[in-house]
Every structure is written in C-alpha cells, then in structure tokens.
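Asker: Give me coordinates for this.
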Amino acid sequence: MSITRQNLSVIIVCYKSDHVIHQCINSIDEHIEVIVVDNSNNEEFKKIIEDKYKNVKCISSSENIGMGAGNNLGIKNITNDFALILNPDVTLQKNTIDELLKASNHLESFGVIAPISDKSKYPNYKYNKGQGFDPINPFRVKSVDGFAMLMNLKRLKQIDGFNFFDENFFLYLENDDLCEQLTKNNENIYVVPKSIINHFGGKAVDPKYEKEIELSRNWHWMWSKFYFNKKHHGYLLAFLKIFNNLITSVIKYLFYSFTLNNYKKKIYQMRLSGLANSILGKKSFYRPKIEN
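Answerer: Numbers count the residues shown, from 1 in each chain. Model prediction:
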C-alpha cells in the first residue's frame, strides 16, 4: 500500500519543547494530521498548540512517560495506516514528505522507511553488512534513529506479539530495539536519500533546563545500553559491553571528586547509578527534576 497525505499521521513526543516545536509543526503540510504528545502535562501548552494549528491534536500525558511510551500513546490515538515519528527539534524540507510518498510507491514491502539527516557526518542509520549508500534510490539499512522514522502501522499490527516501542526504555535505544524487532520478523527498513530532514540535535528541551537534562541523559544512556544488550544478547555479553563504561565512570567520578568539579562528578555519578540499576534489573525510574 502506498502512502498518501490522507492515510499518514505525524507523531511528535515533546517535553518542555515550546522553543522548537512550532518550527517543527510549521514545516509539516497542514493537510496532514499531527499528534503532539506532551510529557510535561502542560494544559496551557496544549491550548496554545490546538488553538494555533487546525490539523494538530495535543495529548497531555499525566506524567513524563518518555519517548517510547509517548510514541505508543500517539499510535493508539490515530486511525491512519502510517505514522511519521518526529522529534520536536526536527524540521522537514519542502519535498521531504513528497519523496517519502514517492518511494513508498516503489517498495514492495517495508516496516519502516526514513528520511536522512542533513548532517551527513552524523548519519541517522546503520548499514546492513555488505550494503552501502545509494544517493538516488531507497536502500535497506539495519536500523534508523528515532528522531525521524515512518512506520507502516497496518503491516506491523499484523505481526503476532509486536508491541511497537518497548516502554521499559525511557530514553535512548528504544528505536534500535524496535529495529531489532523488525529484523527478527523479516521486516525491511529503508532510508530514502532524496527525503531530507533538518535535525538540530539535542535541542528538543528548553536550554534553560540543560544541566538537569544532561544528568538525565547520562543516567538513561547507561541504563538503556545495558538493558538493550541484555535483552538481545544475554546478561554476560551485556556486562562485557558496558565493562569499559563502568571502569571509566568510576575513574572519572574519583578524578572529579578530587578536583572538586561537582557538576562533572555528578555526571559520572549518574552514569554509575544508571548502570547499577540496570545491572540489578531495576526499572528505568530516574526523571529530570524540573518544575512545571
């Protein structure tokens, strides 16, 4: 089935993203349904968004549920067959959607197709073995980053036991986990090289919360890295993969303790905490300490 503007929805999960989300929404064709999932539960934000854009519905989550669960909530609230997942710090170029629609007409089957990032030094995909970049035609990849991916919901809903994003991940690697699920179910993942998005990178949350968000990122990166590898490769291999992170974090925590750099010390304390909780099988519980 090919994609049209009528059977496509855009899902944007945000948290304290007032400073960038309008750029994102304004870059989307106003004839396409947009679902914004606001993890900060800000009723004023919801009213502003829905009053300003006729094609946008804002869902306020009762708590900060993270990226994966936020995307799942968005998926549950649409009836269309396709969903383009976007981060709020992404904008579409003029022909981004058109190139995705065009590519969908020529692909026999796919679970996910994705545009490419404008930052070629930081590709938003990982290659399959033996495959390389094609500047013209859609090409298969191993995985794509979660800040811009178009999901074939109708096809994926037919897979027995497929639950989209694993909600145990709060932040990081939920997209890699989804792509692992797709690969295990023989679903194709494509990148469309003529469809380009602009990604500001790490700008989804208001900069005034930068320090607290950075602490949260470090905690969750370590938690998710161990959990992901344990889920897909087993406990022992997961531990081997994070062993260097564990030793480095201990050394840097001690170093910054002696040099009295409290913020850097806190960063590595968060890394150690994230790792320890994941190794012990505890849930991804840490949340940024930000007041509404």
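Asker: so residue 74 touches residue 34, yeah?
Answerer: No - the pair residue 74 / residue 34 is not scored as a contact, 9.8 Å apart, by Cβ atoms under 8 Å. From N, CA and C alone the C-beta is placed, and that goes for glycine too.
Asker: what is in contact with the two at once?
Answerer: Counting by Cβ atoms under 8 Å, 6 or more residues apart in numbering, the contacts common to residue 74 and residue 34 are 9, 11-12.
Asker: ok, and the most crowded of these?
Answerer: Each of the shared contacts of residue 74 and residue 34 was scored for neighbours by other Cβ atoms under 10 Å, and residue 12 scores highest at 27 neighbours.
Asker: State the phi and psi torsions of that residue.
Answerer: Torsion angles at residue 12 (phi, psi; degrees, to the nearest 10) stand at phi -120, psi 120.
Asker: Return the residues in contact with it.
Answerer: Taking Cβ under 8 Å, 6+ apart, one finds 21, 24-25, 34-37, 74, 86-88 in contact with residue 12.
Asker: The one helix or strand residue 264 maps to packs against which elements?
Answerer: Here residue 264, judged by DSSP states H and E, is contained in helix 262-279. Applying 3 or more Cβ pairs under 8 Å, 6 or more residues apart in numbering; DSSP states H and E, one finds that helix 262-279 contacts helix 210-233, helix 235-258.
Asker: OK, contacts around residue 201?
Answerer: 89, 119, 122.
Asker: mind checking the SS state of the second one?
Answerer: Right, the one you point to is residue 119. coil (DSSP: H, G, I helix; E, B strand; the rest coil).
Asker: Name the nearest residue to it, sequence neighbours excluded.
Answerer: Spatial nearest neighbour of residue 119, chain neighbours left out: residue 199 (6.5 Å); criterion: Cβ to Cβ, 6 or more residues apart in numbering.
Asker: before we move on, the earlier item: reformat the shared contacts of residue 74 and residue 34 into a markdown table and put pLDDT next to each item.
Answerer: Listed next are the shared contacts of residue 74 and residue 34 as a markdown table, based on pLDDT from 0 to 100:
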| residue | pLDDT |
| --- | --- |
| 9 | 98 |
| 11 | 98 |
| 12 | 98 |
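Asker: What is the burial count for residue 185?
Answerer: 13.
Asker: So it sits against residue 162, correct?
Answerer: Yes - between residue 185 and residue 162 there is a contact at 6.8 Å, judged by Cβ under 8 Å.
Asker: for the residue nearest to residue 91 when sequence neighbours are not counted, phi and psi?
Answerer: Counting by Cβ to Cβ, 6+ apart, residue 27 is the residue found nearest to residue 91 once chain neighbours are left out, at 4.1 Å. The phi/psi pair for residue 27 (degrees, to the nearest 10) reads phi -90, psi -10.
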